[in-house]
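Participant: Here is a sequence with its predicted model. Questions after.
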Amino acid sequence: MSLAKTNTARISAWHDFKEITKMRLAISVVFSSLAGYLLGALYIDWTTILLLAIGGYFMVGASNAYNQIIERDLDALMNRTKNRPIPAGRMSVAQAFAIASAFTILGLLTLYYINPKTAFFGGISIFLYVCCYTPLKTRTPLSVFVGAFPGAIPFMLGWVAATDDFGIEAGTLFMIQFFWQFPHFWAIGWFLYDDYKKGGFAMLPSGERDKSTALQVILYTIWTILISIIPVFGVTGTLQLSVVSAVIVGVLGLGMLYYAIRLYIYQNNVTAKRLMLSSVSYITLIQLIYVADKFLR
């Protein structure tokens, strides 16, 4: 094989590895976990940070690989997923399963080394995502509710890794990311409605792009904002937030709420995409604000 062909094969293999593990998504999940760790840690242990990042990536990568194995025939029907490694024929199910299995074992071992509770919640996230959320996606819009549980684990997982404890603090971080997922994924389900329909996925709460769905987006956005500022009232244990930071978080939330209301008014894909982007900005920025608030207070 020529050098050019060898390099092309390596690039293709690396690209498929990124796709089967959904690298960008996995990195965003690791970011949430590290933010949770920094919030819970009394002092920074760089070894734990490294293990949490590696273990977190393994767990998310495993979940995504299992998901793509299960949904390979449906992925082939949708424009956004038909070029994934398995439906495109670049990776066999056996290869994907080997990656998923290896990532599961390595992820659990890595997180267990931090502490058993972290590994336990990591294992729960894989089980819920693969065995509950994935099969429900083609059956009921309640799949988003079920999927919100594993999706909310990363932020609080970092706290558990830092403290070896699940209390009101970790629970609050869990609830922030839990409620945030509804407007985020319903916005995605809105502008990808036609593509999801090809695969038979039921993602929107009413099943349609209508005012009922948009109204629920507004309600869950409000819940997300309220839960995000609760720590300012001193009722969430050692997880605290200054008044200044709470105001900033509230303003960011109003930005997301603005697009949620616009979705209710206009009910179009452009607004849904803007809501999705604002939701990503919101969760990223509030995690940074929480961490900055802790270390600058």
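Facilitator: Perfect, thanks for sending it.
Participant: How is this structure partitioned into domains?
Facilitator: 9-166, 167-297 (automatic domain parsing).
Participant: Just send those back as TSV, with mean pLDDT too.
Facilitator: What follows is those, written out as TSV (pLDDT from 0 to 100):
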stretch	mean pLDDT
domain 9-166	95
domain 167-297	97
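Participant: what would these look like in CSV with mean neighbour count?
Facilitator: Every C-beta, even on glycine, is put in place using the N, C-alpha and C of the backbone. Output for the domains of the chain, formatted as CSV (neighbours: other CB atoms under 10 Å):
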stretch, mean neighbour count
domain 9-166, 19
domain 167-297, 19
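Participant: after the helix or strand hosting Ile126 comes which helix or strand?
Facilitator: Assigning secondary structure by DSSP states H and E places Ile126 in helix 116-127. Moving toward the C-terminus from helix 116-127, the next helix or strand (DSSP H and E) is helix 134-136.
Participant: Which elements pack onto that next one?
Facilitator: Of the remaining helices and strands, those touching helix 134-136 by 3 or more CB pairs under 8 Å, 6 or more residues apart in numbering; DSSP states H and E are helix 46-70, helix 143-163.
Participant: looking at those, which is closest to Leu111?
Facilitator: Smallest distance to Leu111 across those (CB to CB): 4.1 Å, for helix 46-70.
Participant: Tell me the secondary structure at Pro85.
Facilitator: coil (DSSP: H, G, I helix; E, B strand; the rest coil).
Participant: Repeat that for Ser206.
Facilitator: Ser206 ends up coil, using three-state DSSP.
Participant: quick one: contacts for it?
Facilitator: By CB atoms under 8 Å, 6 or more residues apart in numbering, the contact set of Ser206 is Pro141, Ser212, Thr213, Gln216.
Participant: Please look at Ala246 and Val232 and confirm they touch.
Facilitator: Yes. Counting by CB atoms under 8 Å, Ala246 does reach Val232; the two are 3.7 Å apart.
Participant: For Phe97, which of the helices and strands packed on helix 134-136 is the nearest?
Facilitator: The nearest among the helices and strands packed on helix 134-136, by CB to CB, is helix 46-70 at 6.1 Å.
Participant: helices or strands next to that closest one in the packing?
Facilitator: Using 3+ CB pairs under 8 Å, 6+ apart, helix 46-70 is in contact with helix 3-21, helix 23-40, helix 93-114, helix 116-127, helix 134-136, helix 143-163.
Participant: Redo these as CSV? Include distance to Ala202.
Facilitator: Output for these, formatted as CSV (distance: least, CB to CB, whole Å):
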stretch, distance to Ala202
helix 3-21, 24
helix 23-40, 21
helix 93-114, 25
helix 116-127, 22
helix 134-136, 9
helix 143-163, 7
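Participant: Out of those helices, which gets nearest to Asn79?
Facilitator: Across the helices and strands packed on helix 46-70, closest to Asn79 is helix 3-21 (CB to CB), at 15.0 Å.
Participant: tell me the phi and psi of the closest residue to Leu192 other than its chain neighbours?
Facilitator: Nearest residue to Leu192, sequence neighbours excluded (CB to CB, 6 or more residues apart in numbering): Arg80, at 6.7 Å. In terms of degrees, to the nearest 10, the main-chain angles of Arg80 are phi -70, psi -20.
Participant: I figured Arg80 was touching Asp195, is that so?
Facilitator: Yes. Using CB under 8 Å, Arg80 is in contact with Asp195, at 5.5 Å.
Participant: How much space separates the residue nearest to Ala76 when sequence neighbours are not counted from Glu71?
Facilitator: Using CB to CB, 6+ apart and skipping the chain neighbours, the partner closest in space to Ala76 is Pro87 (3.8 Å). With distances taken as CB to CB, to the nearest Å, Pro87 is found 9 Å from Glu71.
Participant: same question, Lys22
Facilitator: According to CB to CB, Lys22 stands 13 Å off from Glu71.
Participant: Repeat that for Val249.
Facilitator: 35 Å.
Participant: Just want the angle from the helix holding Ile126 to helix 93-114.
Facilitator: Angle, helix 116-127 to helix 93-114, by axes from the mean of the first three to the mean of the last three CA atoms, to 10 degrees: 160 degrees.
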